[in-house]
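**Q** turn this into a structure:
(one chain, ligands or ions: 1)
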Amino acid sequence: MILVLNGPNLNRLGLREPGVYGSQTLEDLERLCEEWGAELGVPVTCRQNNHEGQLLEWIQDAEDHGFAGIVLNPGALTHYSYALRDAIAGQRLPVVEVHISNVDAREEFRHKSVTAAVCRGKISGLGFLGYRLAIEALVEGE
Ligand code: DQA
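**A** Numbers count the residues shown, from 1 in each chain. Predicted coordinates:
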């Protein structure tokens, strides 16, 4: 079982800066992730929350709840949340960080990720495809 977590403001996909994030919604993204999981033979559970603490608790509890890996788009928390970094570092599941936009081609503050160093890998700038690649990597045990 793979857990796909989306952080702050990703519930606004489709409405939010469509030039940057596209016109598809979070619901579209979550349906795609479930379909990709089904193709790869692994159940995918998707969750989104705007609150840091809720994301921390989902990450802390993921292994106990039977998940084998986490796909995480932390939104802006990527750039400053040491609490999120510590939550990732403090558990055993592999986490793949995903960004829809190419964070390195955007504002300077987005170039820094405080979470990437404690993740298995990071995918940025490939739109929703990044989630598929992250699920594949976790299924392959990468
Ligand atoms: C994002 C990039 C972040 O810088 C931003 O704060 C987001 C979305 C992305 O998916 O491209 O909320 O994580």
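**Q** where does the protein dip in pLDDT?
**A** Within the chain, the segments meeting pLDDT under 70 span 142.
**Q** get me the contact residues on it for the ligand.
**A** By C-beta under 6 Å from any ligand atom, the residues of the chain that approach the ligand are 9, 73, 75-76, 78, 99-101, 103, 110. Using the backbone N, CA and C atoms, a C-beta is placed for each residue, glycine as well.
**Q** please name the bridge partners of Val44.
**A** Ile2 (DSSP bridges).
**Q** that one and Trp36 touch, don't they?
**A** Yes: using C-beta atoms under 8 Å, Val44 is in contact with Trp36, at 7.1 Å.
**Q** shared neighbours, these two?
**A** Ile135 (C-beta atoms under 8 Å, 6 or more residues apart in numbering).
**Q** and Gly7, how many neighbours does it have?
**A** 22 (other C-beta atoms under 10 Å).
**Q** report the separation between it and Ile59.
**A** 11 Å (C-beta to C-beta, to the nearest Å).
**Q** can you check Asn102 too?
**A** 25 Å.
**Q** the two: who's more crowded?
**A** Remark: of Asn102 and Ile59, Ile59 carries more neighbours, 23 against 13, as counted by other C-beta under 10 Å.
**Q** now that one: closest residue in space that isn't a chain neighbour?
**A** Ala87 (4.5 Å; C-beta to C-beta, 6 or more residues apart in numbering).
**Q** nice, that's everything, thank you.
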